[in-house]
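In: build me a structure from this.
(chains A, B, C and D)
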Protein chains: 2
Amino acid sequence: MASQRGEGETTTTPAEPADRERARAIPEAAVARLAVYLRVLSGMADQGVTAVSSEELSQAAGVNAAKLRKDLSYIGSYGTRGVGYDVEVLVSHIERILGLTRNHSVAVVGIGNLGHALANYGGFPGRGFPVTALFDVDEDLVGIPVGGIPVSHIDDITAVCLEREVSIGVIATPPPAAQSVCDRLVSAGVQCILNFAPVVLQVPDNVEVRKVDLAVEMQILSFHVARRADEAASVSVGNNGLGVDGMVIRP
Amino acid sequence: MASQRGEGETTTTPAEPADRERARAIPEAAVARLAVYLRVLSGMADQGVTAVSSEELSQAAGVNAAKLRKDLSYIGSYGTRGVGYDVEVLVSHIERILGLTRNHSVAVVGIGNLGHALANYGGFPGRGFPVTALFDVDEDLVGIPVGGIPVSHIDDITAVCLEREVSIGVIATPPPAAQSVCDRLVSAGVQCILNFAPVVLQVPDNVEVRKVDLAVEMQILSFHVARRADEAASVSVGNNGLGVDGMVIRP
DNA sequence: CCGACTTTGTGCATGCGTTCACAAGCGGTA
DNA sequence: TACCGCTTGTGAACGCATGCACAAAGTCGG
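Out: As a prediction, this is how the structure comes out:
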């Protein structure tokens, strides 16, 4: 399940003038970077910068200059050879491609520590994502405003989501509740979900899920710590094939 | 800056018995999945499951079975053909590879909404990551315990990090403070950083940074919403090359 | 002890993403 | 107007990751 991509039918249209077709072809990784470029560019615009070269922008975004140019080429050719890019122009084109010309109503489910933090972000960093609904199972929380929005009961999720045209659902519940909440969001017509619960969600093919997993992030860092320690050990001690694992702490 | 990989010297050692050399070869993407497998396996162990096949485990983890076996092959051959994997054995081997046999002391910098949430996670999901230090600039917060740990002032970051042997630093400050905090963490000897601030951090090559960027995640979802809307429009209306962007809401 | 069945481990092909390198194109200058 | 230098945009090569398909290796039943 979850094959993500649509089937064949790629070479059916002979010539594409619209960038709608283009959008389909942008690699996921490039989309993530476009969002970063957008933030950097917005910061530059705020400081009165009007033009920027791929070299400058790529350094500020922490990527290779060639990669940046290729990423921008996915959304069209909006630079001037010999000069660079107009900041304003680039900003508005990236916003258009990312769909930020339209507001996306966000619902946060699970008003614990994390849910509070998310609700209080207030329209999410980089605006365009107004939080319009909060949900929790706890009756005591219902009606209490968090970040300006009163908490609704989770049983009302379908009605409220439809009414407020929620397009993105954020799951910040404990792990056991996550799948159930997800199912309810999906049946309420939400097609994009951001999941903070450490659970692998099962969803229909037409729903997009992105996962933010603190534990996984920490463990990836842990892996690098261990790798470093091992390398240091094998350099200073030499390759005896045993190393620091001699003092294993069994879990 | 930030070339990530070490230089050549790969084929210098003729035969490698140690899995230290193996660790270096594990693809980053596979490491992330190993962490997921570990969580699923831990859950199974808690439910008394003792053996599992690659098919079952891969379904629970939401990945392809072949990919799972390849991932596991990176850390060695610990399955039994015709039977499957012993859950306990697999858990302990993944923990060893990820460096979870040792505790990693965590410091959280920036005790705002998010910092509070992180501190209250209490040792982070999936244990092994005790939060041992909290920092903030706000004098009023200093000394107040959050999640059982009293907040220290950020000026004491070097001393406290060294004393408590912090190996992972978590940045949950406002964007403008992030780079400065990062620099201080690095000079305190912290080599792994988890960054929640929407800023591209500049670090020396020996420091590993992972980024969790809410805005980027939202914008990626936004992109998919837009793509869907476009596809729906082009199916129902036809390819007129204009579509929903007719009603642009300028930011 | 042997044969049939099951599941792992992996060589190989495929596809995606990154990087290189250079031609095309534009502004400035004489 | 014609040339020069600079920067973009992209074709092509490379490398990594994914998925397939099968041999190797083990268990179980007779």
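In: C-alpha from now on. contacts and neighbour counts both.
Out: Fine.
In: tally of neighbours for A:I26?
Out: Applying other C-alpha atoms under 10 Å in any protein chain shown, we find 16 other residues in the vicinity of A:I26.
In: what's the separation between the closest residue in space to it that isn't next to it in sequence and A:A107?
Out: Leaving out its chain neighbours, the residue that sits closest to A:I26 by C-alpha to C-alpha, 6 or more residues apart in numbering or on different chains is A:Y74, at 6.1 Å. Using C-alpha to C-alpha, to the nearest Å, A:Y74 is found at 31 Å from A:A107.
In: picking that back up, I figured the residue nearest to A:I26 hits A:A29, correct?
Out: No. Contact criterion C-alpha atoms under 8 Å: A:Y74 and A:A29 do not qualify, at 11.8 Å.
In: more crowded one of the two?
Out: Counted by other C-alpha under 10 Å, A:Y74 and A:A29 do not tie: A:Y74 has more neighbours, with 18 against 10.
In: B:V225 versus A:L98, what's the distance?
Out: Distance of A:L98 to B:V225, given as C-alpha to C-alpha: 9 Å.
In: where does chain A have low pLDDT?
Out: Residues of chain A meeting the criterion pLDDT under 70: A:1-24, A:122-126, A:235-251.
In: which parts of the longest helix belonging to it are buried?
Out: Ranked by number of residues, the top helix in chain A under DSSP state H is helix A:214-236. Neighbour-count burial for helix A:214-236 flags A:214-227, A:230-231, A:233-234 (criterion: 16 or more other C-alpha atoms under 10 Å in any protein chain shown).
In: cool, and stretch A:34-52?
Out: Neighbour counts over stretch A:34-52 (16+ other C-alpha under 10 Å) mark A:34-42, A:44-45, A:51-52 as buried.
In: so the helix or strand A:A177 falls within, near chain B or not?
Out: Applying DSSP states H and E as the criterion places A:A177 in helix A:175-187. No. Against chain B, helix A:175-187 shows no contacts by C-alpha under 8 Å from any C-alpha of the partner chain, the least distance being 10.3 Å.
In: so which residues make contact with the very next helix or strand once past that helix?
Out: Next in sequence after helix A:175-187, counting helices and strands by DSSP H and E, comes strand A:192-195. Strand A:192-195 has contacts (C-alpha atoms under 8 Å, 6 or more residues apart in numbering or on different chains) with A:167-172, A:182, A:207-212, B:217-218, B:221, B:224-225.
In: walk me through which strands strand A:192-195 pairs with, and which way each runs.
Out: Next to strand A:192-195 in the sheet, as set by DSSP bridges, lie strand A:168-171 (parallel), strand A:208-211 (parallel).
In: can you lay out the ones you listed as TSV showing mean neighbour count?
Out: TSV is the format used below for the strands paired with strand A:192-195 (neighbours: other C-alpha atoms under 10 Å in any protein chain shown):
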stretch	mean neighbour count
strand A:168-171	27
strand A:208-211	18
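In: tell me which of the ones you listed sits nearest to DNA strand D.
Out: Closest approach to DNA strand D among the strands paired with strand A:192-195 (C-alpha to the nearest atom of the strand): strand A:208-211, 15.0 Å.
In: distance check, the closest residue to A:G189 other than its chain neighbours against DNA strand D.
Out: Nearest residue to A:G189 in three dimensions, chain neighbours excluded: A:L162, at 7.3 Å (C-alpha to C-alpha, 6+ apart). Applying C-alpha to the nearest atom of the strand, to the nearest Å, the value for A:L162 to DNA strand D is 34 Å.
In: give me the three-state assignment for A:L162.
Out: helix (DSSP: H, G, I helix; E, B strand; the rest coil).
In: again with the one 3 residues further on
Out: Classification of A:E165 by three-state DSSP places it in coil.
In: ok, now which ones touch it?
Out: A:E165 sits in contact with A:S105, where contact means C-alpha under 8 Å, 6+ apart.
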